[in-house]
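Trainee: Fold the following for me, if possible:
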Amino acid sequence: MMRIREVIIVEGRDDTAAVDRALDADTIETHGFGIAAGTWELIEKAYRERGIIVFTDPDHAGEEIRRRITEKFPEAGQAHLSRDEAAKGDDIGIENASAEAIKRALELARPRMTESSQIFTMEDMRDNGLSGTADAAEKRRAVGSVLGIGYGNSSGFLKKLNGYGITKTDLNEALFSLGDKRYK
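Mentor: Have a look, this model is predicted:
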């Protein structure tokens, strides 16, 4: 079974159980928005000693928790599941994802760069059909899944491309894997 060195930050015990089914890793549970002082201390210790990967639900609450953690720990790794991968009926959460989807998300985890480079521009977004077209949102969702950076609106996705150190080659390979034959 694959072992993850970093400590995985999840929202609750069902998420921990799902991660445990997929691979061998230690987790810290935030128990929602109201992260206790003791939990912040555990996260800080893990961040300093082993590194952390933030792995929260792909919903508003999960993204808010991710934002709060990343604000305090800017070089934390970031793992993402798509809403489709985390859905079971109306419930969206890590606990609903398959072991394969969880393993893949954690394998693709990327740290946010402390200094974001400006490799990509909004013009690149338009040129690649990631902005300004009827299917741009779906294309961003698919590319974000392939790259392991999650979904974002046009400006948010541009920030993710630049903030996670994605290269032009990475983007081109993702587009090609999704059937965009302009790239090899």
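
Trainee: where does the protein have its least confident helix or strand?
Mentor: Comparing every helix and strand of the chain by mean pLDDT, DSSP states H and E singles out strand 110-111 as the least confident one, with a mean of 78.

Trainee: Could you give the separation of that strand from the chain centroid?
Mentor: On the basis of C-alpha atoms, centre = their mean, to the nearest Å, the separation between the geometric centre of strand 110-111 and that of its chain is 8 Å.

Trainee: who does that strand pair up with?
Mentor: Listed by DSSP bridges, the sheet partners of strand 110-111 and their directions read strand 77-78 (antiparallel).

Trainee: Helices along the chain, start to end?
Mentor: Taking DSSP state H, the helices of the chain run over residues 13-22, 37-49, 60-72, 99-107, 122-127, 136-147, 154-163, 168-177.

Trainee: mind giving me CSV with the ones you listed and columns for mean neighbour count and distance to G89?
Mentor: For every residue, glycine as well, the C-beta is placed using N, CA and C. As requested, those are arranged in CSV below (neighbours: other C-beta atoms under 10 Å; distance: least, C-beta to C-beta, whole Å):
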stretch, mean neighbour count, distance to G89
helix 13-22, 18, 15
helix 37-49, 14, 29
helix 60-72, 16, 17
helix 99-107, 18, 17
helix 122-127, 14, 33
helix 136-147, 19, 20
helix 154-163, 19, 27
helix 168-177, 16, 29
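
Trainee: out of those, which comes closest to G93?
Mentor: Nearest to G93, of all the helices of the chain, is helix 13-22, at 6.9 Å by C-beta to C-beta.

Trainee: Return the distance of that closest one from the chain's centre.
Mentor: Centre-to-centre, helix 13-22 and its host chain are 17 Å apart (C-alpha atoms, centre = their mean).

Trainee: For it, give me every contacting residue.
Mentor: Helix 13-22 has contacts (C-beta atoms under 8 Å, 6 or more residues apart in numbering) with 8, 10, 25, 27, 29, 55, 57, 93-97, 99-100, 102-103, 106.

Trainee: 6 Å instead, please
Mentor: Defining contact as C-beta atoms under 6 Å, 6 or more residues apart in numbering, one finds that helix 13-22 is touched by I8, V10, A25, T27, I94, E95, A99, I102, K103.

Trainee: now that helix: mean pLDDT?
Mentor: The predicted model gives helix 13-22 an average pLDDT of 96.

Trainee: Show me the shaky parts of the chain.
Mentor: Counting by pLDDT under 70, the low-confidence segments of the chain come to 112-117, 181-184.

Trainee: ok, 50 please
Mentor: Scanning the chain for pLDDT under 50 picks out 184.

Trainee: Number of residues surrounding the closest residue to M125 other than its chain neighbours?
Mentor: Excluding its sequence neighbours, the residue lying closest to M125 (C-beta to C-beta, 6 or more residues apart in numbering) is S131, at 3.9 Å. Neighbouring residues of S131 were enumerated by other C-beta atoms under 10 Å; the total is 20.
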